[in-house]
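Visitor: Structure, please.
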Amino acid sequence: MIAINRRLCVWILSLSLILTSCAGRKGREEAYSSSFFAMDTYMTFTVYDEDAKKAQSALRQAKEEIGRLEALWSVTDEDSDIYAVNHGGGRPVTVQEETAQIIQFALEMAEKTDGALEPTLYPVLTAWGFTKEENQIPSLEQIDRLLERVGYERVLVAGDQITLEEGMMLDLGAVGKGSAGDRAVQVIEKAGITSALLDIGGNIQAVGGKPDGSDWRLGLRSPFGEGIFGTLQISDRSVVTSGNYERYFIGEDGVRYGHIIDPATGCPVNNGLASVTVIAKEGRLCDALSTSLFVMGLEDAVSYWKEHQEEQIFDVIFVTEDQKVYLTERIKDRFNLQKDCREMKIHVIEAEK
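Guide: Next up is the predicted model:
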């Protein structure tokens, strides 16, 4: 039996989006939205402005930017940069500047996380069927053979030329939507929009705050069933959640297998974490860290935050399988548990003094 739970980690509370007037401002900011399918997920962009023409132009440009980047970064599109690199036969392949930048970022994050983020894991994901939704349990021998083709440190970047060993494959799934969201934010801001909310398949990227100047109020999906377990107030931030409850299958052995793979073992992560939510300015950083911190497990992930939280300014909300919540100190006053989830005990993670 296969059960796929598509990624929709952050729910925007509908009350937060009912914005018809703005106290203390001239005129009225109206909401303008565009929903579309891209990067294998559904996206909804909502901008707020007095000028309908400006708002609609911003939405159109942002959608076009997402489409342009998808065409560059797709693993399966034969005309994409990534497809060319993956089928380069070990030879250098010239790519667009945006592609070289995102690959370099993915490799830097892989190094910083000691391989918890692994952009060359695609052959292993394919063996489990998570790239084509025809799931299966590969043998340990097959996994071991495929892991021989995995290793971010073997990807060579020289300017706009990428060299990948034959048999290896790059996949930007752990950083692609966040990076594309960052570019969409830039497009929207350049168009003069100061208040917007982008839902990129569950990744949330906020431009400023609500039109009245207050924070957006986001509902965080419960990893234990339907509904939300808490709310988070943010402005001008990105929020990304990862968890193996999002996409999984039940094998013939009755075991539940999630789509987040541990690069060290080639098997789905099973370390006691139910979900990891990362809050930061950059969507690409949230994307990369939500996956890699989930792979690390709670103890190592907390250590990573303590060691890097000044260099990479981000905050985290961890939910464990035993329904405990651990969150970093900067957001403790911005997070609230739902009333029906008050049995979930909150632990605040403090930075090293």
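
Visitor: Check the average confidence over stretch 139-156, would you?
Guide: Here stretch 139-156 scores 96 as its mean pLDDT.

Visitor: Output that stretch in PDB with nothing but the alpha carbons.
Guide: Only the C-alpha atoms of stretch 139-156 are listed here, as PDB (Å, rounded to 0.1, in the frame of the first residue of the first chain):
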ATOM      1  CA  SER A 139      18.100  -4.300  -1.200                       C
ATOM      2  CA  LEU A 140      21.000  -3.300   1.000                       C
ATOM      3  CA  GLU A 141      23.400  -4.400  -1.700                       C
ATOM      4  CA  GLN A 142      21.700  -2.100  -4.200                       C
ATOM      5  CA  ILE A 143      21.900   0.800  -1.700                       C
ATOM      6  CA  ASP A 144      25.600   0.200  -1.100                       C
ATOM      7  CA  ARG A 145      26.300   0.200  -4.900                       C
ATOM      8  CA  LEU A 146      24.400   3.400  -5.400                       C
ATOM      9  CA  LEU A 147      26.100   5.100  -2.500                       C
ATOM     10  CA  GLU A 148      29.300   4.700  -4.400                       C
ATOM     11  CA  ARG A 149      27.900   7.300  -6.800                       C
ATOM     12  CA  VAL A 150      27.100   9.800  -4.000                       C
ATOM     13  CA  GLY A 151      29.500  12.500  -2.800                       C
ATOM     14  CA  TYR A 152      29.200  16.200  -2.900                       C
ATOM     15  CA  GLU A 153      32.900  16.700  -2.600                       C
ATOM     16  CA  ARG A 154      33.400  15.100  -6.000                       C
ATOM     17  CA  VAL A 155      31.400  17.800  -7.800                       C
ATOM     18  CA  LEU A 156      33.700  20.400  -9.500                       C
END
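
Visitor: Tell me the buried residues in that stretch?
Guide: 143, 146-147, 149-152, 155 (16 or more other C-beta atoms under 10 Å). Heads up, the C-betas are built off the backbone N, CA and C, glycines and all.

Visitor: next one: stretch 219-233
Guide: So, applying 16+ other C-beta under 10 Å, buried residues of stretch 219-233: 219-223, 228-233.

Visitor: In JSON lines: the buried residues of stretch 139-156, plus secondary structure and distance to residue 162.
Guide: Listed next are those as JSON lines, based on DSSP: H, G, I helix; E, B strand; the rest coil; distance: C-beta to C-beta, whole Å:
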{"residue": "143", "secondary structure": "helix", "distance to residue 162": "26"}
{"residue": "146", "secondary structure": "helix", "distance to residue 162": "21"}
{"residue": "147", "secondary structure": "helix", "distance to residue 162": "21"}
{"residue": "149", "secondary structure": "coil", "distance to residue 162": "16"}
{"residue": "150", "secondary structure": "coil", "distance to residue 162": "17"}
{"residue": "151", "secondary structure": "coil", "distance to residue 162": "15"}
{"residue": "152", "secondary structure": "helix", "distance to residue 162": "12"}
{"residue": "155", "secondary structure": "coil", "distance to residue 162": "7"}
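
Visitor: Identify, from those residues, the entry nearest to residue 287.
Guide: Nearest to residue 287 among the buried residues of stretch 139-156: residue 152, at 15.9 Å, using C-beta to C-beta.

Visitor: could you pull out the strands for the stretch 51-200 of the chain?
Guide: In the stretch 51-200 of the chain, the segments counted as strands under DSSP state E, counting those that start in this stretch are 93-94, 156-158, 161-163, 196-200.

Visitor: so which of those is the most packed in?
Guide: strand 196-200 (a mean of 24; mean count of other C-beta atoms under 10 Å).

Visitor: Report all helices and strands that that one contacts.
Guide: strand 10-12, strand 41-49, helix 176-190, strand 203-207 (3 or more C-beta pairs under 8 Å, 6 or more residues apart in numbering; DSSP states H and E).

Visitor: What are the contacting residues of the third one?
Guide: By C-beta atoms under 8 Å, 6 or more residues apart in numbering, the list of residues contacting helix 176-190 from outside reads 39, 41, 45, 47, 58, 61-62, 65-66, 69-70, 73, 98, 102, 105, 172, 196, 198, 200-201, 203, 205, 207, 238, 240, 282-288.

Visitor: Just the mean pLDDT for it, thanks.
Guide: Mean predicted lDDT for helix 176-190 stands at 97.

Visitor: List the buried residues in that helix.
Guide: 176-185, 187-188.

Visitor: do you know which of the helices and strands packed on strand 196-200 lies nearest residue 126?
Guide: That would be helix 176-190 among those, by C-beta to C-beta, at 16.8 Å.

Visitor: Tell me the gap between that closest one and the middle of its chain.
Guide: Put simply, helix 176-190 sits 13 Å off its chain's centre (C-alpha atoms, centre = their mean, to the nearest Å).
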